[in-house]
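[1] okay, sequence plus prediction incoming.
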Amino acid sequence: MAFDAFGDFRMTGHTVVLTGGAQNIGAGIAKTLVGAGAKLMIADLNGEKAKATAADIAKETGGECLGMACDVTKADQIDAVVGATVKAFGGISTLVNNVGWGGRHDDPTAISDEDFIASYKLNTISAYRMSMACLPYLKLAKNATITNSGSMSSAAAAYDILAYGTAKAALNQMMISLAHLLAKQVRVNSVLIGTVLTPGYADAGIDEAMQEKLKNPDNLVGRAGSPEDVANAFLYFCSPASRWVSGQIVNVHGGGNVVRLFN
């Protein structure tokens, strides 16, 4: 048999839970992992969109992909996703904590306590709760992994999205701690994502003029990213190709020094 240089990137035999995968970057990650052979459950606040995206991915790739509604800030809904995934696919080997969102604050000095708490619950606590819910099944799996969608706003001054950047910074610390806590059982890593222009920017209050500016950010590659650019990093972390990697952060932002984009 000829040597298969790409064999370690194949996800055949793996079952993935992916949060926030109905659209944007999450949908790109879902398509890439299913295309690599994984069985995948999309868990998204928009259940109908999750099902539609899953059906499209299954049709395009010929793989197995399902979708269901889930508010990741609700423990009972997290448990429902885990139960449904195990029932459909027989277990869980891979978790991608992709859910994340943060609104822009024109006056960052006026962010309320409630804004910080809501951002922390959605961007940080939800990843912990989902990880713990999946953990009994991950411990039984070969090449078990947890990979988080981080943000470059956690590593640079991000005063216009301060609550979001702060919550994502906490997610970085949590990742490293979980990687040590689960050593020799589950690999845990994060991808810090730069400017990827999707409809999510409009949802976060970024107007069309600013979105146009963001198409050519100040990075070494000279362009904004695509969901596929990010998805390939997730494929590496989730697949056996990264079997000797844990507790790590990879920056996927076009390279170079991080600068403020929204000025």
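    Thanks, I have it. Keep in mind that this is a model prediction, so the values were computed, not measured. Residues are numbered from 1 along each chain as shown.

[2] chain center to the helix or strand where Leu66 lies: distance?
    According to DSSP states H and E, Leu66 maps onto strand 65-69. Taking Cα atoms, centre = their mean, to the nearest Å, one finds the center of strand 65-69 at 16 Å from the center of the full chain.

[3] tell me which strands and helices the helix or strand just after it is in contact with?
    Proceeding N to C from strand 65-69, the next assigned helix or strand is helix 75-89, under DSSP H and E. For helix 75-89, the packing partners by 3 or more Cβ pairs under 8 Å, 6 or more residues apart in numbering; DSSP states H and E come out as strand 15-19, strand 39-44, strand 65-69, helix 126-138. (C-beta placed from N, C-alpha, C; glycine too.)

[4] and those as JSON lines, adding mean neighbour count and distance to Ala80?
    Supplementary listing: the helices and strands packed on helix 75-89 in JSON lines, determined by neighbours: other Cβ atoms under 10 Å; distance: least, Cβ to Cβ, whole Å:
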{"stretch": "strand 15-19", "mean neighbour count": "27", "distance to Ala80": "12"}
{"stretch": "strand 39-44", "mean neighbour count": "29", "distance to Ala80": "9"}
{"stretch": "strand 65-69", "mean neighbour count": "22", "distance to Ala80": "8"}
{"stretch": "helix 126-138", "mean neighbour count": "20", "distance to Ala80": "10"}
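
[5] can you redo those as TSV with mean pLDDT and distance to Gly150?
    Converted to TSV, the helices and strands packed on helix 75-89 look like this (pLDDT from 0 to 100; distance: least, Cβ to Cβ, whole Å):
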stretch	mean pLDDT	distance to Gly150
strand 15-19	98	14
strand 39-44	98	19
strand 65-69	98	24
helix 126-138	98	10
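
[6] reformat those as JSON lines; add distance to Leu178.
    Output for those, formatted as JSON lines (distance: least, Cβ to Cβ, whole Å):
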{"stretch": "strand 15-19", "distance to Leu178": "16"}
{"stretch": "strand 39-44", "distance to Leu178": "19"}
{"stretch": "strand 65-69", "distance to Leu178": "25"}
{"stretch": "helix 126-138", "distance to Leu178": "6"}
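
[7] any weak-confidence spans in the stretch 151-263 of the chain?
    Counting by pLDDT under 70, the low-confidence segments of the stretch 151-263 of the chain come to 199-216, 256-263.

[8] between the helices and strands packed on helix 75-89, which gets nearest to Thr198?
    Ranking those by distance to Thr198, with Cβ to Cβ as the measure, places strand 39-44 first at 14.2 Å.

[9] sorry, back to before: check which helices and strands the strand holding Leu66 is in contact with.
    Using 3+ Cβ pairs under 8 Å, 6+ apart as the contact definition, the elements that strand 65-69 packs against are strand 39-44, helix 47-61, helix 75-89.

[10] what's the first helix or strand after the longest helix along the chain?
    If each helix of the chain is counted by residues according to DSSP state H, the longest one is helix 162-181. Tracing the chain past helix 162-181, the next element assigned as helix or strand by DSSP H and E is strand 187-193.

[11] who does that following strand pair up with?
    Sheet pairing here is set by DSSP bridges, and for strand 187-193 it gives strand 145-151 (parallel), strand 248-252 (parallel).

[12] can you add distance to Ala58 and give those strands back as a markdown table?
    Written out in a markdown table, the entries for the strands paired with strand 187-193 read as follows (distance: least, Cβ to Cβ, whole Å):
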| stretch | distance to Ala58 |
| --- | --- |
| strand 145-151 | 22 |
| strand 248-252 | 26 |
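
[13] that's all I had, so thanks and see you.
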